[in-house]
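In: Have a look at this prediction, sequence included:
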Amino acid sequence: MARPSRVAIVGGGITGLAAAVRLRERAPAGTDITVYEQSGRLGGKLRTGELAGGPVEFGAESFLMRDPAGGDSAVVALVRRLGLAESIVHPSVGQAALVVDGGLRPVPGGTLVGVPGDLNKVAAVARPAADADRDAGRPLLGPDADVPVGALVRARLGDEVVDRLVDPMLGGVYAGRADDLSLAATMPALARTARVEHTLVGAVRAAQAAAPRTPGAPVFGTLAGGLSTLVEAAAAASGATIRRDAAVRELHRTATGWRLTVGPTREAEYVEVDAVVLAVPARPAARLLAGTVPEVAATVGELDYASVALITMALPEPELPELSGFLVPATEGLLIKASTFFTTKWGHLRRADGVALLRASVGRYGDETSLQLTDEDLVATVHREVSKVLGVSLPTPIDRHVQRWGGALPQYAPGHLGRVAAVRAAVRAAHPTLALAGAGYDGVGIPVCVRSGETAAEEIITALGGSAA
Ligand SMILES: Cc1cc2nc3c(=O)[nH]c(=O)nc-3n(C[C@H](O)[C@H](O)[C@H](O)COP(=O)(O)OP(=O)(O)OC[C@H]3O[C@@H](n4cnc5c(N)ncnc54)[C@H](O)[C@@H]3O)c2cc1C
């Protein structure tokens, strides 16, 4: 009788854990699954902590509920399969603001990550360039072309729409600049319609029509117990052996599978497996691929990352507006790029003692000097700048936390999707029992990472001779 297959998953973030769950669900019974995580904790960028005696997210905060193609997003589907559906909660306050000329203005509706589908709706925040979005008788984008989001929007609607709307909204997700980020990778729905439509407003409307929202249906959700409950449930349901503090340092092909070098040089452990899911960010992935597929490793390693810091403060009964938070355009000259009023935004986090939890982020791609400040200076800066934006003197925090995420958010440059397709094709052709997954390839959001991990698992099952259906 054939022995059960052994699969190693490198990286214990949400991508690696989603891959582990999918393997357990669909691989033949008895498949041996091991997750190797270099740090002491699972979850990667999902990390629920505690501040002033209450739970708070120190990393990712929420997830999209719907898949762009319709139905539940991949993470919602995973949450359901793990039996956590009852824990899903939605924001009680959805309205956010933008800082414009030092004051707060509501984020206008009807945009696609800030790109307007109705110019009148954004007029209070940004004046679109007059008559710029003219129909020139051809689609905005060629069939295989990709451009920076900023270049397209600046050309069609002018600088103000980019600087005051698109850049802060895109920057809120990627900590990057609209002028650097790929349209096809960061706004795939708009890229698709831009290949057909002749005006940007028309392309936004077409993208919105292709994925209509159910009125009243919540866009975002999170888990009442924190996103770490998803991490723990996925690890448990996968039945995988979890190896924490186990960095994989080398990956080599053997006659029948793969050999992993795990742990510190002096106490290196060598593990033989049949298949590997590489669910780590691009840089560690490139290092691991260097020994096996060097040409692919170089391309994977091209991806750059932004670093950010999240500063969370517990404030005794502050005066906060009824907003989920605000975004700060880079042109405003502040260090903070966004702030979330956790206890206003999320009803389940509201506290009887009136303590409010407020989080702010600093660090923009290419301008990360703010991250060199000490924790105390970061807290003081956030306190001063949020007070200034709100026009109040915020009370002294009773507790604070600074979470630094170095090299955390991928910066997809134009052409990213083509590079990923080429890398995947090369790996699949030469090494079908190796799969690459995670935010370095398919997208930054949690649902996309879950789907990426699941797809990798399905590819591995097929490569090992099973059926992933
Ligand atoms: C501050 C912040 C806020 C965010 N907020 C949101 C949000 O609200 N909603 C949303 O949808 N997305 C959000 N994101 C994005 C999302 O959280 C991430 O893209 C996603 O969690 C990445 O998951 P991953 O498993 O691909 O990678 P990671 O989470 O980076 O996990 C990779 C894991 O691999 C481990 N590893 C690395 N090298 C090795 C090695 N050699 N051997 C073993 N292990 C290794 C790492 O320690 C890590 O645990 C946020 C990201 C950040 C940084």
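Out: Here it is on my side, so go on. Note that the coordinates shown come from a computational prediction; the quantities given were computed from them, not determined experimentally.
In: in the stretch 351-469 of the chain, which segments are predicted with low confidence?
Out: Filtered on pLDDT under 70, the stretch 351-469 of the chain yields the residue ranges 467-469.
In: near the ligand, which residues of it?
Out: 405, 408-409, 438-439, 444-446, 449 (CB under 6 Å from any ligand atom). Quick note: C-beta positions are derived from backbone N, CA and C, even for glycine.
In: Serialize those residues to TSV and add fields for neighbour count and distance to Asp399.
Out: Shown next, in TSV, are these (neighbours: other CB atoms under 10 Å; distance: CB to CB, whole Å):
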residue	neighbour count	distance to Asp399
Trp405	21	20
Ala408	20	23
Leu409	21	26
Gly438	29	33
Ala439	27	30
Val444	22	29
Gly445	18	29
Ile446	28	27
Cys449	32	30
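In: Out of the residues you listed, name the ones that lie in strands.
Out: When DSSP state E is applied, those are split such that 405, 408-409 fall in strands.
In: buried stuff in the lengthiest helix in the chain?
Out: Longest helix in the chain by number of residues (criterion: DSSP state H): helix 446-463. Buried residues in helix 446-463, counted by 16 or more other CB atoms under 10 Å: 446-461, 463.
In: Quick check: residues of this protein near the ligand?
Out: 10-16, 36-39, 44-46, 59-63, 247-248, 279-281, 284, 308, 310, 405, 408-409, 438-439, 444-446, 449.
In: Do you have the helices of the stretch 51-200 of the chain handy? List them.
Out: 74-81, 119-122, 149-157, 159-161, 167-174, 183-186, 188-194, 200-210 (DSSP state H, counting those that start in this stretch).
In: re the thing from before, list buried residues within the residues of the chain next to the ligand.
Out: In the residues of the chain next to the ligand, burial by neighbour count holds for 10-16, 36-38, 44-46, 59-63, 247-248, 279-281, 284, 308, 310, 405, 408-409, 438-439, 444-446, 449, counting by 16+ other CB under 10 Å.
In: Now intersect those with the strands, please.
Out: 10, 36, 63, 248, 308, 310, 405, 408-409.
In: In JSON lines: the residues you listed, plus distance to Ala217.
Out: Formatted as JSON lines, these follow (distance: CB to CB, whole Å):
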{"residue": "Val10", "distance to Ala217": "37"}
{"residue": "Tyr36", "distance to Ala217": "38"}
{"residue": "Phe63", "distance to Ala217": "14"}
{"residue": "Val248", "distance to Ala217": "41"}
{"residue": "Val308", "distance to Ala217": "30"}
{"residue": "Leu310", "distance to Ala217": "28"}
{"residue": "Trp405", "distance to Ala217": "31"}
{"residue": "Ala408", "distance to Ala217": "30"}
{"residue": "Leu409", "distance to Ala217": "27"}
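In: Ala234 is in contact with Val21, isn't it?
Out: Yes. Contact criterion CB atoms under 8 Å: Ala234 and Val21 qualify, at 5.3 Å.
In: Which of the three states applies to Thr222?
Out: Here Thr222 is recorded as strand under DSSP: H, G, I helix; E, B strand; the rest coil.
In: Use 34 as the first number for this chain going forward.
Out: Got it, first residue is 34 now, which makes that one Thr255.
In: In contact with the closest residue to it other than its chain neighbours, which residues?
Out: Of all residues not flanking Thr255 in the chain, Ser95 sits nearest, at 4.3 Å (CB to CB, 6 or more residues apart in numbering). Ser95 sits next to 124, 253-255 when contact means CB atoms under 8 Å, 6 or more residues apart in numbering.
In: now do Pro245
Out: Pro245 touches nothing, counting by CB under 8 Å, 6+ apart.
In: Equivalent analysis for Ala441, please.
Out: Taking CB under 8 Å, 6+ apart, we find Ala441 in contact with 78, 208, 338-341.
In: Tell me how far it lies from Ser106.
Out: Going from Ala441 to Ser106 by CB to CB, to the nearest Å gives 21 Å.
In: Can you report phi and psi for the residue in the stretch 84-233 of the chain positioned nearest to the ligand?
Out: The stretch 84-233 of the chain approaches the ligand most closely through Ala93 (3.3 Å), counting by CB to the nearest ligand atom. Backbone torsions of Ala93, given as degrees, to the nearest 10, read phi -60, psi 150.
In: Surely it is in contact with Val108?
Out: No. Counting by CB under 8 Å, Ala93 sits too far from Val108 to count as a contact (10.3 Å).
In: Between these two, which contacts overlap?
Out: Going by CB under 8 Å, 6+ apart, residues that sit against Ala93 and also against Val108 are Ile479.
In: low-scoring stretches of this structure, by residue?
Out: Ranges of the chain meeting pLDDT under 70: 34, 500-502.
In: could you list every residue that touches Arg292?
Out: With CB under 8 Å, 6+ apart, Arg292 has these contacts: 284-286, 303-306.
In: Which among those count as buried?
Out: Looks like the contacts of Arg292 have 284, 304, 306 buried, using 16+ other CB under 10 Å.
In: any chance of these in a markdown table, with secondary structure too?
Out: Listed next are the buried ones among the contacts of Arg292 as a markdown table, based on three-state DSSP:
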| residue | secondary structure |
| --- | --- |
| Leu284 | strand |
| Val304 | strand |
| Val306 | strand |
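In: Nearest to the ligand among those residues?
Out: Checking the buried ones among the contacts of Arg292 against the ligand with CB to the nearest ligand atom, the nearest one is Leu284 at 9.2 Å.
In: Now the closest one: closest residue in space, sequence neighbours ignored.
Out: Leu321 (4.4 Å).
In: hey, C-alpha coordinates of stretch 47-57 in CSV?
Out: What follows is stretch 47-57, C-alpha atoms only, in CSV (Å, rounded to 0.1, in the frame of the first residue of the first chain):
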residue,chain,number,x,y,z
ILE,A,47,-3.7,33.1,7.0
THR,A,48,-2.6,31.8,3.5
GLY,A,49,-0.7,28.9,4.9
LEU,A,50,-3.5,28.0,7.3
ALA,A,51,-6.2,28.2,4.6
ALA,A,52,-4.0,25.8,2.5
ALA,A,53,-3.7,23.5,5.5
VAL,A,54,-7.5,23.4,6.0
ARG,A,55,-8.1,22.8,2.3
LEU,A,56,-5.6,19.9,2.3
ARG,A,57,-7.3,18.4,5.2
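In: Pop the domain breakdown of this protein in here.
Out: According to automatic domain parsing, the chain comprises the domains 39-77+260-336+445-496, 81-126+338-443, 142-242.
In: Would you mind telling me which of these is nearest Gly136?
Out: domain 81-126+338-443 (8.0 Å; CB to CB).
In: First residue to last residue on the closest one, what's the distance there?
Out: 22 Å (CA to CA, to the nearest Å).
In: now it: how far from the chain's centre is it?
Out: 14 Å (CA atoms, centre = their mean, to the nearest Å).
In: Equivalent analysis for stretch 229-239, please.
Out: That offset, for stretch 229-239, works out to 26 Å (CA atoms, centre = their mean).
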